[in-house]
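>>> Sequence and computational prediction follow.
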Amino acid sequence: MPAALGGVSGCLLLAIWASPRYGGPAPFLDGAGLGQIRGPGWWSLAVAILATLAGLCMLRWWPYLLVAAALLTVPGLWAHPGLSYPVEVSVMTSAGYPLTIVGVLACAQGLARVDTGWGAAIAGLSAGAQIFGSALVGAGWLISNVAIPTWHLGMLVVGIAGLLPAAWYIRHGDRDAVGLVGAGRWSWWRIRPIVTGTLAMCVAIPLSFLTIERLAVLLDLSGSRCTGASTWRPRSSGCSRWSPGFASPPSEGCGHWRGR
């Protein structure tokens, strides 16, 4: 079945995106930390959001989404410490993971209407492939896995070989991948998953403005130092009652406590 073959090939691409050679954890584990998005990072986030929006609007064309995601893996495949790409290339590659996960799940949704077993298998593989990719990286902060480029090259070649028949077989689009029979083309039932999926990708935007200082203000806490160690104290004046959960009671009038 070409559609199932395309779904399995898409899962191979997910494994590639889940095992980055450089730059930290996998996309589905990595996210915007407290005030971490700066400079070109905003463009990368915008491209990822737009890629999600475009993918959700083009569910029936999921083979082409996966082909585009496969092409976006090439810069990372050839990356090495002596080679640098323009910032624009790095920004564009941020669209690869959203296009891949949307394409694979659209394939699973289309298969579920034809063969429930294959649809469930592809949906399950979409999670298992990312776990497999993360396992390839292992404890990346301790030691680098030199075999990752070989794994990536093999999975990319096999993935493209499986995607081409699927793209030809579904060249006129997969209507079942939309998942809503009888709904109007732009009815609310079709727009709702597009809106919710895009908004979910936008969660990183408010998080990027949440710095440590702003979080302390929201929690009514302020950082301080006591006896040379990092401590926290309530912003309200006066000394707080000591509880046995702390190492020692605060000195009188200090208003500080020290964690265990």
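Happy to help now that I have it.
>>> List the buried residues of the helix or strand hosting Leu164.
Secondary structure from DSSP states H and E places Leu164 in helix 148-169. By 16 or more other C-beta atoms under 10 Å, the buried positions in helix 148-169 come out as Ile148, Trp151, His152, Met155, Leu156, Gly159, Ile160, Gly162, Leu163, Leu164, Ala166, Ala167. In short, each C-beta sits where N, CA and C put it, glycine included.
>>> How about stretch 119-134?
Gly119, Ala121, Ile122, Ala123, Leu125, Ser126, Ala129, Gln130, Phe132, Gly133, Ser134.
>>> Tell me which of these fall in strands.
Counted as lying in strands by DSSP state E, out of the buried residues of stretch 119-134, is not a single one.
>>> Output the buried residues of helix 148-169 in JSON lines; the columns should cover distance to Tyr64.
Formatted as JSON lines, those follow (distance: C-beta to C-beta, whole Å):
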{"residue": "Ile148", "distance to Tyr64": "27"}
{"residue": "Trp151", "distance to Tyr64": "25"}
{"residue": "His152", "distance to Tyr64": "22"}
{"residue": "Met155", "distance to Tyr64": "19"}
{"residue": "Leu156", "distance to Tyr64": "17"}
{"residue": "Gly159", "distance to Tyr64": "14"}
{"residue": "Ile160", "distance to Tyr64": "13"}
{"residue": "Gly162", "distance to Tyr64": "14"}
{"residue": "Leu163", "distance to Tyr64": "9"}
{"residue": "Leu164", "distance to Tyr64": "11"}
{"residue": "Ala166", "distance to Tyr64": "10"}
{"residue": "Ala167", "distance to Tyr64": "6"}
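>>> and which of the residues you listed is nearest Trp78?
His152 (9.8 Å; C-beta to C-beta).
>>> Run through the residues that contact the closest one.
Ile16, Ser19, Arg21, Thr73, Gly76, Leu77 (C-beta atoms under 8 Å, 6 or more residues apart in numbering).
>>> Show the buried residues in those.
By 16+ other C-beta under 10 Å, those give Ile16, Ser19, Arg21, Thr73, Gly76 as buried.
>>> Phi, psi for the second one please.
The one in question is Ser19. phi -130, psi 60 (degrees, to the nearest 10).
>>> what ranges do the helices span in the stretch 151-260 of the chain?
Using DSSP state H, counting those that start in this stretch, the helices assigned to the stretch 151-260 of the chain run over residues 188-201, 204-208, 212-218.
>>> Who are the packing partners of the first one?
Yep, that's helix 188-201 we're talking about. helix 40-57 (3 or more C-beta pairs under 8 Å, 6 or more residues apart in numbering; DSSP states H and E).
>>> Residues touching the helix it packs on, excluding its own?
32, 37, 65, 87, 90-92, 94-95, 97-99, 102-103, 106, 193-194, 197-198, 201-202, 204-205, 208.
>>> May I see the ChimeraX selection of the buried members of the residues you listed?
To isolate the buried ones among the contacts of helix 40-57 in ChimeraX, judged by 16+ other C-beta under 10 Å, type:
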select :32,37,65,90,91,92,94,95,97,98,99,102,103,106,194,197,198,201,204,208
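>>> Distance to Gly7 and pLDDT added to the buried residues of stretch 119-134, as TSV?
As requested, the buried residues of stretch 119-134 are exported to TSV (distance: C-beta to C-beta, whole Å; pLDDT from 0 to 100):
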residue	distance to Gly7	pLDDT
Gly119	9	91
Ala121	8	93
Ile122	4	94
Ala123	9	93
Leu125	7	93
Ser126	8	92
Ala129	11	91
Gln130	14	88
Phe132	15	89
Gly133	16	86
Ser134	20	83
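>>> ok, the residues you listed vs Ser187, which is closest?
Gly119 (23.2 Å).
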